[in-house]
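Asks: Here is my input, please return the structure:
(one chain, ligands or ions: 3)
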Amino acid sequence: MEVRREIILCLLMTITMGCYKVEGREPVLHRVGGGRYTWTPKTNFTNWASHENFYKGDWLYFGFDKLRYNVLEVNKTNYENCIDKNFIRNITKGGRDVVQLLEARTYYFLCGRGFCSQGMKMAIKVVEPTLQPSPSTLSNKALHSTRIINTKLIMFLVTVLIMDVCVI
Ligand SMILES: *[C@@H]1O[C@H](CO)[C@@H](O)[C@H](O)[C@H]1NC(C)=O
Ligand SMILES: *[C@@H]1O[C@H](CO)[C@@H](O)[C@H](O)[C@H]1NC(C)=O
Ligand SMILES: *[C@@H]1O[C@H](CO)[C@@H](O)[C@H](O)[C@H]1NC(C)=O
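Replies: Numbering: from 1, shown residues only. Ligands and ions are numbered 1, 2, ... in the order given. As a prediction, this is how the structure comes out:
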């Protein structure tokens, strides 16, 4: 029984390590709103962002009609009050615009021209890739993460790690 418990523990640990190794390395491009042209008032960005994990170095992609909408990075106060004056950065270029999240902090984006109050605003929390999440959020993150694409690679890593760690 003891041996079995140890093996299960080992398995859990190696799976976790394997996932985070893969997660920590490559920056991910997050399509804001989930689609190609989803920077629109129809999208619930709070809901979308709550299912994503943003790590330092990741990218955001905003797809939108540049004649109608824009993308501005603002501070917390202006985000909360939908103020598009005194913005920090203008992300708008051609309507298929990207921005890299270079700092571990909360970023605030909104659309000017009155669309912020129609829901076109988004706050996202960016964390360090090396940050170890608490065990309670682990299964959730592993399940929802769009990073875990290459299942085969992870299985390979897990196998290698199990051989290393467990079979001594
Ligand atoms: C957006 O989604 C969040 C979280 O799922 C929810 O609490 C909120 O009521 C939604 N907002 C709108 C305007 O539907
Ligand atoms: C945000 O910017 C506005 C205008 O520049 C300023 O009045 C406000 O104090 C700033 N808020 C924060 C949290 O930095
Ligand atoms: C943001 O930049 C775009 C492209 O340079 C420009 O057309 C637009 O007027 C700018 N928006 C604001 C609010 O400054």
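
Asks: V98 contacts G63, correct?
Replies: No. Look at V98 against G63 with Cβ atoms under 8 Å: they stay out of range, at 10.0 Å. (Each C-beta comes from the backbone N, C-alpha and C, glycine too.)

Asks: Could the C-alpha coordinates of the top strand by length along the chain be exported in CSV?
Replies: Looking across the chain with DSSP state E, the single longest strand is strand 121-127. Taking Å, rounded to 0.1, in the frame of the first residue of the first chain, the C-alpha atoms of strand 121-127 are listed here in CSV:
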residue,chain,number,x,y,z
LYS,A,121,-13.0,46.8,-21.4
MET,A,122,-10.7,44.2,-20.0
ALA,A,123,-8.5,43.7,-17.0
ILE,A,124,-5.9,40.9,-17.1
LYS,A,125,-3.5,39.7,-14.5
VAL,A,126,-0.1,38.7,-15.8
VAL,A,127,2.1,36.5,-13.6
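
Asks: quick one: G95 from ligand 3, how far?
Replies: Using Cβ to the nearest ligand atom, to the nearest Å, one gets 10 Å for the distance from G95 to ligand 3.
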